[in-house]
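Novice: Below are the sequence and a predicted model; questions follow.
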Amino acid sequence: MSAQPWIFHNPVKIVFAPGALERLAEHVSFDRVALVTSPGFARRGLVATIERALGNRLVAVVDDVAPNPAMRHVESQAERLRPRSPDALIALGGGSTIDSAKALARLLAWPAGTSLAKLLADEGQSGPAALPLIAMPTTSGTGAEVTPFGTVWDYDAHKKRSIAGLDLYPRLALLDPTLTLDLPEEITVSSGLDAISHALESAWNRNANPASLALVTKSLELSLAALPRAVREPNDLEARADMMQASVLAGLAISQTRTALAHAISYPLTARFGLPHGLACSFTLPALLRFNAAHDDGRLDALARALGHGSTDDLAARLGALLEELGMRERLAARLPERSSIMALAHEMFAPGRAENNVRQASEDEAKAIVAEALDALGL
């Protein structure tokens, strides 16, 4: 890889600081801002904090973002925001909120009545740039605050849909780890495993480069140690800060490489059964590491050694132990049907646009075998 040409480009300004939310106004230069968030943040008083900070520059609040945002819901939100004519959006929340805000930023740049389905069908064609976006993540996992992609869901077709474009890079990622201190355990686990998935998926990726691999290594150094601590001690600010930094580093990596087979496997499990994304894309990680390590060009062995392990097998064992410690078997068993129903979706788990990113090319049968191996390891 050392002699291969590569490019790294990420235009997002990143500000990391405990208590940064209180100084939001210093970072907002727009005159008509709309806030996109979910209901809990109004109850926690964070919406009121933003209202005080921005005053009459805050012209609208959309506070009904739901997990895994549906396309129809985002379109409804856009039509409610349109009369307020915002010139920028602020996203306060987890990955679903930032994804919703990206879709809204794109929709609001187009005439009233434009559907997301049309924009997705016409993606790649010229059109107006999305509205500027400021992202304030309240979970540590998706890295959406530094990527040019978002995910929305077509529940009629049981499919995940992606929106992408350089105009969807947020202008600013404002990272305040104090916002994650009262996360429920379920979200801490799922979002944290999402960050670990992003880092590993970027490592065993055909699009990896020296910069992305450096980001991956530091991200995993932080997350593999900090996630169990954050679960055991939810008010440990150092653990929460490490997880937020691990998440943004992994996000910077996938902003260059995109994700791979673990994410392809995850999508039907979320669309069909509502399995939280971080769980859906992480239960296969040990099996996928072993699969990709069989055709390693040296990068995965180097990663394992940088993380203090003698081999990729040792790192895979550590990942398996982490999943066990975090109760992955019980979490999947509570949400998924019998094994036969999971395996019946195997044909939907092989998305070429993701699977082809693997450093080792996989067939549909091999993807199915990886899922089976992962379920066997969990006793499911």
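Specialist: Good, I have the coordinates.

Novice: Now find how far off-centre stretch 50-57 is within its chain.
Specialist: Here stretch 50-57 is found 28 Å from its chain centre; the criterion is Cα atoms, centre = their mean, to the nearest Å.

Novice: Please disregard the earlier target; I meant stretch 308-324.
Specialist: Relative to its chain's centre, stretch 308-324 lies at 23 Å (Cα atoms, centre = their mean).

Novice: same thing with stretch 98-111?
Specialist: When C-alpha coordinates are averaged (Cα atoms, centre = their mean), stretch 98-111 and its chain have centres 17 Å apart.

Novice: Glu366: what's it in contact with?
Specialist: Counting by Cβ atoms under 8 Å, 6 or more residues apart in numbering, Glu366 touches Phe291. The way it works is simple: take the backbone N, C-alpha and C, and place the C-beta from them, glycine included.

Novice: Report the secondary structure state of it.
Specialist: helix (DSSP: H, G, I helix; E, B strand; the rest coil).

Novice: Next one: it from Arg360, what distance?
Specialist: 9 Å (Cβ to Cβ, to the nearest Å).

Novice: For those two, list the residues in contact with both.
Specialist: Common neighbours of Glu366 and Arg360, using Cβ under 8 Å, 6+ apart, are Phe291.

Novice: Need phi/psi at Trp153.
Specialist: In this entry, Trp153 is assigned phi and psi values of phi -120, psi 130 (degrees, to the nearest 10).

Novice: isn't it right next to Arg161, touching?
Specialist: Yes. Trp153 lies in contact with Arg161 (Cβ atoms under 8 Å); the separation is 6.9 Å.

Novice: So for stretch 252-272, mean pLDDT?
Specialist: Stretch 252-272 comes out with an average pLDDT of 94.

Novice: So Trp153 and Arg161 - more neighbours on which side?
Specialist: It is Trp153, of Trp153 and Arg161, that has more neighbours when counted by other Cβ atoms under 10 Å, with 24 against 17.

Novice: ok now do the more buried one, which residues does it touch?
Specialist: The contact partners of Trp153, by Cβ under 8 Å, 6+ apart, come to Asn68, Pro69, Ala70, Met71, Lys159, Lys160, Arg161, Thr270, Ala271.

Novice: and the fifth one, bridged to which residues?
Specialist: What it means is Lys159. Beta bridges link Lys159 to Asp154, judged by DSSP bridges.

Novice: wouldn't it be in contact with Ala351 here?
Specialist: No. Lys159 lies out of contact with Ala351 (Cβ under 8 Å); the separation is 10.0 Å.

Novice: which of the two has more neighbours?
Specialist: Shown here are Lys159 and Ala351; by other Cβ under 10 Å, Ala351 has more neighbours (19 against 14).

Novice: residues contacting the more buried one?
Specialist: Contact analysis of Ala351 by Cβ under 8 Å, 6+ apart lists Ala264, Tyr267.

Novice: and if you look at the one 4 residues further on?
Specialist: For Ala355, the contacting residues are Ala260, Leu261, Ala264, Gln361, Ala362, Ala367, taking Cβ under 8 Å, 6+ apart as the criterion.

Novice: pLDDT score assigned to it?
Specialist: Ala355 carries a pLDDT value of 82.

Novice: Met1 too?
Specialist: Reported pLDDT for Met1: 63.

Novice: Same check on the one 5 residues further on?
Specialist: Per-residue confidence (pLDDT) for Trp6: 94.

Novice: And the one 4 residues further on, by the same measure?
Specialist: At Asn10 the predicted local distance difference test score is 97.

Novice: what about it, neighbour count?
Specialist: Residue neighbour count, defined by other Cβ under 10 Å, stands at 16 for Asn10.

Novice: which residues are in contact with both of Trp153 and Arg161?
Specialist: The contact sets of Trp153 and Arg161 overlap at Met71 (Cβ under 8 Å, 6+ apart).

Novice: quick revisit: neighbour-wise, give me the winner out of the contacts of Ala355.
Specialist: That'd be Ala260 among those, by other Cβ under 10 Å, with 31 neighbours.

Novice: In terms of secondary structure, what does the longest helix seen in the chain contact?
Specialist: Determined from DSSP state H, the single longest helix within the chain is helix 210-232. Counting contacts by 3 or more Cβ pairs under 8 Å, 6 or more residues apart in numbering; DSSP states H and E, helix 210-232 packs against helix 185-203, helix 237-257, helix 299-306, helix 312-325.
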